[in-house]
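Trainee: Here you go, sequence then predicted model.
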Amino acid sequence: MSMIAPSILAADFANLQRDLEMINRSEADYVHVDIMDGLFVPNISFGIPVCEAAHRHATKPLDVHLMIVDPDRYLEAFRTAGAHILTVHYEACTHLHRTVQRIRELGARPGVALNPHTPVEVLSEILPDLALVLVMSVNPGFGGQKFIENTYRKVERLAALRQASEADFLIEIDGGVNAQNAALLSQAGADVLVAGNFVFSAPDPEATIADLKKKTR
Ligand code: DX5
Ligand code: ZN
């Protein structure tokens, strides 16, 4: 069974406490927090104060996805704002090894995200240092986009690398996750499924989280 991480990018920001309380009651495992800087990705989402506010109301660990250039500048701030997992983009880090060590020093779990065009093999030297690899299944920047089918192949290759290396990172999928692809992703090796619009645009988001999870059994 996969874990579910609802993305609050698709929540109602004017009712964030209500939406976080829904996640608290639900079978979700993490709260996915999407940080966008308008530079690494074309969109701007929200920043440190909103992450802090989410941390005050969430009972599940915050899974913070930094879609920002040169994320080293903000690692400490997001850790202080409550990040449990801190994920940076491979494409945004010149000295990824140093960044990953820094995340661990701060007491968070280090994750690295890969854009759809980036092969999983680029992480081969650093996989044993990671707690999570996030495979983008859309181009980052916006919720509600169409799932890229090549993701299954990437997840299978990453799961094979994990087995060969005896590393024990989680494989997380982010973008366009829904009831149609959840089971296949889980079979391919996904441990965590991020879901934004599929959860928050449903008439009953709490039941939708439970259904999504059930699909991955
Ligand atoms: C996209 C974000 C995703 C997004 C997923 O850049 O990283 O986490 O919120 O949203 P959906 O599930 O709507 O594709
Ligand atoms: Zn994300």
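Mentor: Arrived safely. Ligands and ions are numbered 1, 2, ... in the order given.

Trainee: I figured Ala5 hits Gly196, correct?
Mentor: No: judged on CB atoms under 8 Å, Ala5 makes no contact with Gly196 at a distance of 9.6 Å. In this view, the C-beta of every residue, glycine as well, is placed from N, C-alpha and C.

Trainee: neighbour count winner among those two?
Mentor: Counted by other CB atoms under 10 Å, Ala5 and Gly196 do not tie: Ala5 has more neighbours, with 31 against 24.

Trainee: Tell me if that one really is in a strand.
Mentor: Yes: Ala5: assigned to a strand according to DSSP: H, G, I helix; E, B strand; the rest coil.

Trainee: helix, strand or coil for Val100?
Mentor: Assigned with three-state DSSP, Val100 falls in the helix class.

Trainee: what about it, how many neighbours?
Mentor: Look at Val100: counted by other CB under 10 Å, it has 20 neighbours.

Trainee: For it, give its distance to ligand 2.
Mentor: The spacing between Val100 and ligand 2, counted by CB to the ion, to the nearest Å, is 18 Å.

Trainee: repeat for His97
Mentor: Taking CB to the ion, one finds His97 at 23 Å from ligand 2.

Trainee: In which helix or strand does that residue reside?
Mentor: According to DSSP states H and E, His97 maps onto helix 96-105.

Trainee: What is that helix packed up against?
Mentor: Identification of packing neighbours for helix 96-105 by 3 or more CB pairs under 8 Å, 6 or more residues apart in numbering; DSSP states H and E yields helix 75-80, strand 83-89, strand 109-114.

Trainee: Next up, the contacts around the nearest residue to Gly107 once chain neighbours are set aside.
Mentor: Distances taken as CB to CB, 6 or more residues apart in numbering place Arg79 nearest to Gly107, at 6.8 Å, with adjacent residues excluded. Residues in contact with Arg79 (CB atoms under 8 Å, 6 or more residues apart in numbering) are Leu86, Ile103, Leu106, Gly107, Ala108.

Trainee: between those, which is closest to Asn181?
Mentor: For those, the closest approach to Asn181 (CB to CB) belongs to Leu86, at 26.3 Å.

Trainee: Just confirm the closest one contacts Leu66, I think it does.
Mentor: Yes: between Leu86 and Leu66 there is a contact at 6.9 Å, judged by CB under 8 Å.

Trainee: ok, the two, which is more surrounded?
Mentor: Set side by side, Leu86 and Leu66 show more neighbours around Leu86, with 29 against 24, by other CB under 10 Å.

Trainee: Return the distance of that one relative to Tyr74.
Mentor: Going from Leu86 to Tyr74 by CB to CB, to the nearest Å gives 9 Å.

Trainee: what touches both of those two?
Mentor: Common neighbours of Leu86 and Tyr74 (criterion: CB under 8 Å, 6+ apart): Leu66.

Trainee: still on that earlier bit, just want to check the distance between the residue nearest to Gly107 and Gly176.
Mentor: Counting by CB to CB - Arg79 and Gly176 are separated by 29 Å.

Trainee: where does whichever residue of the chain sits closest to ligand 2 fall, phi/psi-wise?
Mentor: Per CB to the ion, His65 is where the chain lies closest to ligand 2, at 3.7 Å. The phi/psi pair for His65 (degrees, to the nearest 10) reads phi -110, psi 110.
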